[in-house]
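J.: Okay, here's the prediction I keep looking at, along with the sequence it came from:
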Amino acid sequence: MRLSVLFAAALVLVLVAGVARAGDVPNVMTSQGVVRNEAGDVVNGAYKLTFKLYTAEQGGQLLWSEVLPGVTVENGIYNVLLGTVTPLPGTLFEQNGTAWLGLTVEAEPELPRVRVTSTPYAFQARSALVAATAQDLSCTGCVEAGMLAFDPITQEELNTGNLVVKGVVTATAFVGDGSGLTGISSPQGTCVAGSLVKGITQQGALVCEKAVTALGTVNGLGGGTITGDVSIVGSLAVDGADVCTSDANCGEELWQLACQKDQVPKWNGTMWTCSDFLESWETASLPSDGLNEISNNLLYNQFTDQYASTTCPVQIPDNSPPGISDKIVVPDYGVAQGLTVSINISNSDLSTVEVFLYAPDNTEYLLYSKNGPGQQLGTTYPSPTKPVSGDLTTWIGKNPVGTWTLLVKDTGWLNNAKDGQINSWSIQVQTLSTKKVQVKGNLVVDGNITTAGSLNFSGNAVINGSLKIGTDAATCDDSKKGAIRVQGSVLQWCNGSNWTFMGSNATYRWAEFSTYGQAHGQWYGNNDSNLFGGVAPSNWTDNNYRPVHMSSDSDVLRTIFTRSGPPIGTLKNAMVYADEWYSYSSTNGKVVLVLFRIRNTTANPINWKVYWYRTAYGGWNEYAGIALNGSEVWQSSGSDYGPGYNSSHDISIPANRTSTVIFGATTSSVSGTRSTFMAFYNNCLTLPAGLEFVDDLDTKPNGWDK
């Protein structure tokens, strides 16, 4: 417990006399003080007090010291005699002049030293007296107790708070309104005419300041104090600057100003003018969170943003001391006014689980530490639940930008497989933003809006003029979804994974082609595979080639998929192609291809169940098939698949990426005329939650993994 002693104002040092001989006089002094604890309350008990006398307030030479091991403190008051253990030298004050007393309570640091009051200098006077007249005096009862003249502070005086001081009281501050002070001298002196009282010096003299001086006639007076109405003829000088009046030719007078709405009068040093309110505003006095106050609550720079994990749920490995981690990136939006972390975790036994949080500066916070049995942990830190260790409130006033990491360890044994999961977690930040401003109402701009960063609209934006869009080299991801840029001479938008052309919003891309020209006896395009998706025409209809054999080169895919289906979100089913045509030989055939780009926005694979019709004839090596990211999902056999043949398939769309799914159909068996057909039915083009169509083939990088 840290103790404090208020002994500077309560210290009284007196000479104790009354013995017979100078050589027998115990040189002692009285010291009194008040001992309090850290809370400011007085204490009771016995404490070790160490007293020391020095030649200076700081540093200096040690003259004397004494340790009193068990000083009784009652109601905070102690009262001791110094010199009872280690006598004070009789010539101490005579030889050293000023002395400073230091006090140490228990093992606490020494308190600031106080100057010893004048009474101990009786030592010096006594020493001189003994040396001059009484060194050989020996008597008993020479001095009676009633003849001694000393007046120590009593306990009653300390309790009542009354203290009479005949000398000067010096303090760093006096607390109170001063209404009870008496004997105070009135200020001395007067201020000359035309001056005002500005203050009073420590010596009691008035401090005067020049008042407004009339240079012309002020109701017939040349100066002085004026009461009532004032009529000014000529000019008025304020601190040496002329203020225009009604008969002066110096611009608009204050009383004549006709300021517009949202303007205020402003003195420019020469005349009164009208000024915009914000121009006259003292910006230094505007608090950083005061934007709403000066905008009639139309503008705000205080936000509450939530940043949630995009990879949850995350499986927790069983009996794994290293644990499993997940990350959230908090963008740079400004200083936090509040920060909370919410978690939702399930496990077969939470008594074996520890949950850690690591801030961008690597500060560790232990959120949960095997606190007890249970299987579900869902709470928010630091309120209502405080972390086991670490203080998240220290982020108030700091910028939380960067990567935050949640680490979960399950040290118990169940099956050494997976035991529970991080269902979800998020970080909520109340931000005093230096990066963005929210407009609550309508924003009307008569001029131009120029921005070097992003311009986000959550509502409608009505633009009567033109809108100029610049370039943006940033990667298209979730944080930029919906952004627009100019790339070369093309306008593109970010769909959350890739930049794609504006206007490209097709549910699918498709192609239909024949492979052999019977009249000329030639394969189309001289059998060039680069014109037909990376597969030569002869392989499509004579060698059982299917979508799994197509090229992953995006330029090759763009070459063949030049047709677009209906806009995304406008259909549940689709009839892609249906045709009856005459075949002159088994060499020729027709192929229909459909390419979907499907994005999984979750951390888990999602099943897409497809229902479709397609034609094929394996007897002439013309197969149908389905491929997902270059891997085959299904292929037809050597049978004949007519226009009424249908089936369903489960396609697992991988997590956290955009996938390419290609369907291929050929032609039914020969009978002079042949049928080519592909269609999707049973509302299978309404994707499950977590899946969405994207149309980004025009900008998709090469590779099935893109």
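T.: Looks like it arrived, so ask away.
J.: Now do the contacts for T673.
T.: Applying C-beta atoms under 8 Å, 6 or more residues apart in numbering to T673 gives the contacts E580, W581, Y582, S583. C-beta: built from backbone N, CA, C; applies to glycine.
J.: Tell me the bridge partners for it.
T.: Y582 (DSSP bridges).
J.: returning to what we had before: quick one: buried ones out of the contacts of T673?
T.: S583 (16 or more other C-beta atoms under 10 Å).
J.: Out of the contacts of T673, which is nearest to S648?
T.: Among the contacts of T673, E580 lies closest to S648 (C-beta to C-beta), at 25.5 Å.
J.: At which residues are the helices of the stretch 451-600 of the chain located?
T.: Ranges of helices in the stretch 451-600 of the chain, per DSSP state H, counting those that start in this stretch, are 537-542, 554-560.
J.: Sketch out the low-pLDDT regions of the stretch 401-550 of the chain for me.
T.: 435, 452-460, 465, 488-490, 501, 503-504 (pLDDT under 70).
J.: Could you do the stretch 551-700 of the chain as well?
T.: 670-671.
J.: Tell me which stretches of it form strands.
T.: 563-564, 574-582, 590-600, 606-614, 616-617, 625-628, 631-635, 640-641, 646-653, 657-665, 673-680, 691-693 (DSSP state E, counting those that start in this stretch).
J.: CA atoms only for the fourth one - export them in CSV, please.
T.: Included here for strand 606-614 are C-alpha records, laid out as CSV according to Å, rounded to 0.1, in the frame of the first residue of the first chain:
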residue,chain,number,x,y,z
ILE,A,606,-21.9,-25.9,-52.3
ASN,A,607,-23.8,-28.4,-54.4
TRP,A,608,-25.5,-27.2,-57.6
LYS,A,609,-28.1,-29.8,-58.9
VAL,A,610,-28.5,-29.4,-62.6
TYR,A,611,-31.4,-30.7,-64.7
TRP,A,612,-30.8,-30.7,-68.5
TYR,A,613,-31.6,-32.1,-72.0
ARG,A,614,-28.9,-32.8,-74.5
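J.: Need the strands of the stretch 551-700 of the chain in a markdown table (columns: distance to I77).
T.: Converted to a markdown table, the strands of the stretch 551-700 of the chain look like this (distance: least, C-beta to C-beta, whole Å):
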| stretch | distance to I77 |
| --- | --- |
| strand 563-564 | 94 |
| strand 574-582 | 96 |
| strand 590-600 | 78 |
| strand 606-614 | 79 |
| strand 616-617 | 106 |
| strand 625-628 | 88 |
| strand 631-635 | 90 |
| strand 640-641 | 107 |
| strand 646-653 | 82 |
| strand 657-665 | 78 |
| strand 673-680 | 95 |
| strand 691-693 | 79 |
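J.: so of these, which one's packed in deepest?
T.: Most buried of these, by mean neighbour count (mean count of other C-beta atoms under 10 Å): strand 616-617, with a mean of 28.
J.: So what touches it?
T.: By C-beta under 8 Å, 6+ apart, strand 616-617 touches 622-624, 636, 639-641, 665-670, 674.
J.: can you check stretch 437-453 too?
T.: Contacts to stretch 437-453, defined as C-beta under 8 Å, 6+ apart, come from residues L291, N297, L298, L299, Y300, N301, F303, L455.
J.: Out of the residues you listed, which end up buried?
T.: Buried among the contacts of stretch 437-453 (16+ other C-beta under 10 Å): L291, L299, Y300, N301, F303.
J.: wait, which of these is closest to Y645?
T.: Closest to Y645, out of all of these and judged by C-beta to C-beta, is F303, at 56.8 Å.
J.: re the thing from before, redo the contacts of strand 616-617 as TSV? Include distance to D472.
T.: Formatted as TSV, those follow (distance: C-beta to C-beta, whole Å):
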residue	distance to D472
E622	46
Y623	44
A624	42
S636	45
S639	52
D640	53
Y641	47
A665	40
T666	43
T667	46
S668	49
S669	53
V670	54
R674	50
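J.: Show the buried residues in these.
T.: E622, Y623, A624, S636, D640, Y641, A665, T666, T667, S668, S669, R674.
J.: State the helix or strand in which Q260 lies.
T.: Per DSSP states H and E: Q260 is located in neither a helix nor a strand.
J.: Report the contact partners of it.
T.: C274.
J.: And the pLDDT for it?
T.: Predicted confidence (pLDDT) for Q260: 80.
J.: in the stretch 51-200 of the chain, which spans are strands?
T.: Going by DSSP E, counting those that start in this stretch, the stretch 51-200 of the chain shows strands at 62-73, 77-82, 100-105, 114-115, 195-200.
J.: Please list all residues in contact with G390.
T.: Applying C-beta under 8 Å, 6+ apart, the residues contacting G390 are L357, T363, E364, Y365, L366.
J.: Who are the packing partners of the longest strand anywhere in the chain?
T.: Counting residues, the longest strand found in the chain (DSSP state E) is strand 418-433. Applying 3 or more C-beta pairs under 8 Å, 6 or more residues apart in numbering; DSSP states H and E, we find strand 418-433 packed against strand 302-308, strand 314-317, strand 320-330, strand 334-346, strand 402-410.
J.: Quick check: neighbours of the very next helix or strand once past it in the sheet, parallel or antiparallel?
T.: Later in the chain than strand 418-433, the nearest helix or strand by DSSP H and E is strand 438-439. The pairing partners recorded for strand 438-439 under DSSP bridges are strand 299-300 (antiparallel).
J.: where does the partner strand sit relative to the chain's centre, distance-wise?
T.: 18 Å (C-alpha atoms, centre = their mean, to the nearest Å).
J.: Show which residues not belonging to that strand make contact with it.
T.: Outside strand 299-300, the residues that reach it (C-beta under 8 Å, 6+ apart) are L291, N292, V437, Q438, V439, K440.
J.: Of those, grab the buried ones for ChimeraX.
T.: Only the buried entries of the contacts of strand 299-300 go into this ChimeraX selection, using 16+ other C-beta under 10 Å:
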select :291
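J.: which among the contacts of strand 299-300 gets closest to N683?
T.: Scanning the contacts of strand 299-300 for proximity to N683, where the rule is C-beta to C-beta, the winner is Q438, at 40.1 Å.
J.: Beta-bridge partners for that closest one, please?
T.: Counting by DSSP bridges, Q438 is bridged to Y300.
J.: same deal with S31?
T.: Bridge pairing for S31 - DSSP bridges - gives V80.
J.: Make sure it is actually in contact with K52.
T.: No. With contact defined as C-beta atoms under 8 Å, S31 does not reach K52; the gap is 11.9 Å.
J.: Neighbour count: those two, which is higher?
T.: S31 (23 against 17; other C-beta atoms under 10 Å).
J.: mind checking how far L81 is from K48?
T.: 16 Å (C-beta to C-beta, to the nearest Å).
J.: about what we covered before: now the helices of the stretch 451-600 of the chain in CSV, with distance to Q263 and mean neighbour count?
T.: Output for the helices of the stretch 451-600 of the chain, formatted as CSV (distance: least, C-beta to C-beta, whole Å; neighbours: other C-beta atoms under 10 Å):
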stretch, distance to Q263, mean neighbour count
helix 537-542, 77, 22
helix 554-560, 60, 17
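J.: Quick check: which of these is nearest to S65?
T.: helix 554-560 (89.0 Å).
J.: Run through who's touching the closest one.
T.: 511, 513, 530-534, 550-551, 593, 595, 697-698, 700-703, 706.
J.: No further queries at this time; thank you.
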